[in-house]
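> predicted coordinates and the sequence they were generated for:
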Amino acid sequence: MKRPVVPSGGFFAQALRFALPCFAACAAAVLAHLAIDIAGDYVLAKDAYDALEHGSRWTVSLLAFVAACGGLWAILRAAVAEARGRFGALRGVLSAAAPASPWRFCAVVAAFSIPVLLGMAGLDAALAGRPVDDLGDLVGGSFILAGSMLALCAGLVSGGVLAFLRLLCRHHRALLRVVESFVRLALAFVAAAAPLAARGMPRRARTHSSLRRCTSGNRAPPALLA
């Protein structure tokens, strides 16, 4: 018997391929923003991030969380598709979403995190009503410090994302077994609940006292309204 071909793309692979750099860029920008703020207090004479409320970190962290949820949703949907009979769906999605070059993925994450970092600083300054004199204010006052922290954080986050993706590729069968167990439990629950829903809940016969309670208000009974 000929073995089915493992799918190598599809909507779930595209969604995961889009979610990975988005999450990594947002996470790297948040970590770099925090690192610049902490390191600037010690190595800079004037830290532009001082005396500012950093509400943008929560905003970008929320964006990173949404991107992570989108990536996990694509992985779980592929696992459910394979559990329902589509052979190789999970492995195909993971393989198609994996970057061809780790260095290129890291460079893409670093490039995307630059405008995110600048936007975070601009948002904090706008919310505080503080003018931005030059581009250096958006990076904490030092391009060298901001560039080194951003490169470090982008490398760490990219390495963590790629390691997690390789871990899923290596142990995708274990993940598939867990998803199959949940699918079987859900199908068993639906099969057990279907007869109960078909029978319906037993109705209690209406008594004379309940009828009097329904018609004892300001409204008259329907027969009196005719």
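Thanks, I have the structure now.

> now do the buried residues in the host helix or strand of A111.
When secondary structure is defined using DSSP states H and E, the element that contains A111 is helix 102-128. When burial is assessed from 16 or more other C-beta atoms under 10 Å, helix 102-128 yields the following buried residues: 105-106, 108-110, 112-114, 116-118, 120-121, 123-125. (Glycine included, C-beta is placed from N, CA and C.)

> which parts of the chain are helices?
11-43, 56-83, 89-97, 102-128, 143-170, 172-199, 208-214, 222-225 (DSSP state H).

> to D137, which of those lies closest?
When the helices of the chain are ranked by distance to D137, counting by C-beta to C-beta, first place goes to helix 102-128 at 7.0 Å.

> the inter-axis angle of the closest one versus helix 56-83?
Computed by axes from the mean of the first three to the mean of the last three C-alpha atoms, to 10 degrees, the angle separating helix 102-128 from helix 56-83 equals 140 degrees.

> identify the farthest-apart pair in the buried residues of helix 102-128.
F105 and A125 (31.0 Å).

> most packed of the helices of the chain?
Among these, helix 89-97 has the highest mean neighbour count (mean count of other C-beta atoms under 10 Å), at a mean of 23.

> so which elements touch that one?
Applying 3 or more C-beta pairs under 8 Å, 6 or more residues apart in numbering; DSSP states H and E, one finds that helix 89-97 makes contact with helix 11-43, helix 56-83, helix 143-170, helix 172-199.

> mind listing residues that contact that helix?
Contacts made with helix 89-97 from outside it, assessed by C-beta atoms under 8 Å, 6 or more residues apart in numbering, are listed as 6-10, 12-13, 16-17, 20, 74-75, 78-79, 81-82, 165, 168-169, 172, 175-176.

> who are the neighbours in contact with the residue lying closest to V80 once chain neighbours are set aside?
Taking C-beta to C-beta, 6 or more residues apart in numbering as the measure, V80 lies nearest to V179, with 5.9 Å between them; neighbours along the chain are not counted. By C-beta under 8 Å, 6+ apart, the residues touching V179 are 76, 79-80, 82-83.

> pipe the residues you listed into CSV and attach distance to S56 and pLDDT per row.
Putting the contacts of V179 into CSV (distance: C-beta to C-beta, whole Å; pLDDT from 0 to 100) gives the following:
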residue, distance to S56, pLDDT
L76, 30, 87
A79, 35, 84
V80, 36, 83
E82, 39, 81
A83, 40, 76
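
> closest to S61 among those?
Among those, and counting by C-beta to C-beta, the member closest to S61 is L76, at 22.2 Å.
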